[in-house]
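A.B. asks: the following comprises the amino acid sequence and a computationally predicted model.
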Amino acid sequence: MMPSRTNLATGIPSSKVKYSRLSSTDNGYIDLQFKKSPSKIPYKAIALAIMLFLIGTFLIIIGSLLLAGYISKEGADRAFPFLIIGTLVFLLGFYHLHIQRLLRLLL
């Protein structure tokens, strides 16, 4: 004789579980699963992207003024770190602003 199966979550033997057939008209789908939920606007990500963009722009401007000799006439060796870091931060901010704009258009 084979032992009867039990539902492990409740401990009820499988012979006592009640099953019901799905209706044949809905094919197992409900309308709620196709409803598009409203998208949330990522305010923190947009604020961070704007800050990165502005800081990068500021550093590029400072680096350019140092390189041109308007701020300090001591040489271009101080300008290159500003330009490199400013360019990296500017590109990150621009990229994220661009992605956020695309996501808002798509959603």
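C.D. replies: Right, received. Where do you want to start?

A.B. asks: so S39, which of the three states?
C.D. replies: Here S39 is coil, with the state taken from DSSP: H, G, I helix; E, B strand; the rest coil.

A.B. asks: what's the nearest residue to T87 if we skip its chain neighbours?
C.D. replies: Of all residues not flanking T87 in the chain, I60 sits nearest, at 6.4 Å (C-beta to C-beta, 6 or more residues apart in numbering). C-beta coordinates here come from the backbone N, C-alpha and C atoms, glycine included.

A.B. asks: number of residues surrounding that neighbour?
C.D. replies: With neighbours defined by other C-beta atoms under 10 Å, the count for I60 comes to 18.

A.B. asks: likewise for A79?
C.D. replies: A79 has 20 neighbouring residues, counting by other C-beta under 10 Å.

A.B. asks: gap between the residue nearest to T87 and V89?
C.D. replies: The gap separating I60 from V89 is 9 Å, by C-beta to C-beta, to the nearest Å.

A.B. asks: now the helices for the protein?
C.D. replies: Along the chain, the stretches classed as helices by DSSP state H are 43-68, 79-106.

A.B. asks: lowest-confidence stretch among those?
C.D. replies: Taking the mean pLDDT of each of the helices of the chain, the lowest value is held by helix 79-106, a mean of 85.

A.B. asks: output the contacting helices and strands for that helix.
C.D. replies: The helices and strands touching helix 79-106, judged by 3 or more C-beta pairs under 8 Å, 6 or more residues apart in numbering; DSSP states H and E, are helix 43-68.

A.B. asks: okay, buried residues for the helix it packs on please.
C.D. replies: Of the residues in helix 43-68, those buried under the neighbour-count criterion (16 or more other C-beta atoms under 10 Å) are 46, 48-49, 52-53, 55-56, 59-60, 62-63, 66-67.

A.B. asks: I'd say the residue nearest to T87 and I84 touch.
C.D. replies: No: contact status for I60 versus I84: not in contact, 9.9 Å apart, counting by C-beta atoms under 8 Å.
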